[in-house]
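following is a predicted model, sequence given first.
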Amino acid sequence: LDCLRINGTNIDEFVIVSNTAAGGVMTTAATELQKYIELTTGKKLDIVEGTVPAGTKRILIDGEVRNPDDNDTWGVYSDEDGLVLAGTAKRSALYAVYYFLEHYLDWRFFTSDCETVYEHHEIDLANIDETYKHQYTIRGLYTYDYEDSWISVKRYFNESSKRNLGPELGGMENFTNMGIHNFGDLAETGHENK
């Protein structure tokens, strides 16, 4: 990528701001965003913890999601200072980062050893306002490669029977009382979920 701009400003004028003291995935989200922006543009952005002076060009990883529903709701928003990748420290801040990389920088995460980015000469990001929530509470795929924790989170999986998601990836989701089936609600059949 020859040039990445946010609201018309070159990416090398930005910093990544995150509340890494919140724990959970906030540190992972910041370092993953830094890594993939550098792989995309050749520019390594500084990571700043806490707040920055007003007017600082920044990509903020923040826990304040517009219209939050649960720990799996995340958002990508642009504002006058740059971008906000919003999600909780539980896991969705990391989902916001991977969603941004996929949908705005054209990364593709296929398997644990196969990921790529589509070639562009120039990207200018502005006027972004997206909030996303998964329809399924527990998500997983039973293939050998997706037992890898990192590719699982990049594909928004969270179930724990085949993978070990440590605190840096949001921790584990368990099949409590088999409370994973919500097809009745999704299909609007009136069938009680179990």
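Nice, thanks for sending it over.

only C-alpha atoms for contact and neighbour calcs from this point on.
Will do.

just give the number of residues close to the nearest residue to residue 74 once chain neighbours are set aside.
Closest residue in space to residue 74, ignoring its immediate chain neighbours: residue 87 at 4.6 Å, by Cα to Cα, 6 or more residues apart in numbering. Residues lying near residue 87 (other Cα atoms under 10 Å) number 31.

do residue 4 as well
22.

same check on the one 4 residues further on?
By the measure other Cα under 10 Å, the count of residues near residue 8 is 12.

isn't it right up against residue 122?
No - between residue 8 and residue 122 there is no contact under Cα atoms under 8 Å: 11.2 Å.

just the strands from the protein, written as ranges.
3-6, 9-10, 15-18, 47-49, 58-62, 74-79, 82-86, 107-111, 114-117, 122-125, 129-132 (DSSP state E).

tell me the contacts of the residue nearest to residue 74?
61-65, 71-75, 93-96 (Cα atoms under 8 Å, 6 or more residues apart in numbering).

what of residue 17?
30, 47-52, 58-61.

and those, which two are furthest apart?
Largest separation among the contacts of residue 17 by Cα to Cα: 30 and 52, giving 15.2 Å.

neighbour count winner among these two?
residue 30 (25 against 13).

about what we covered before: from the contacts of residue 87, which one has the minimum pLDDT?
Across the contacts of residue 87, the smallest pLDDT goes to residue 71, namely 61.

how many neighbours does the residue lying closest to residue 118 once chain neighbours are set aside have?
Nearest in space to residue 118, with sequence neighbours left out and distances taken as Cα to Cα, 6+ apart, is residue 106 at 5.6 Å. Residue 106: 16 surrounding residues under other Cα under 10 Å.

any idea how far residue 106 lies from residue 80?
Residue 106 sits 23 Å away from residue 80, going by Cα to Cα, to the nearest Å.
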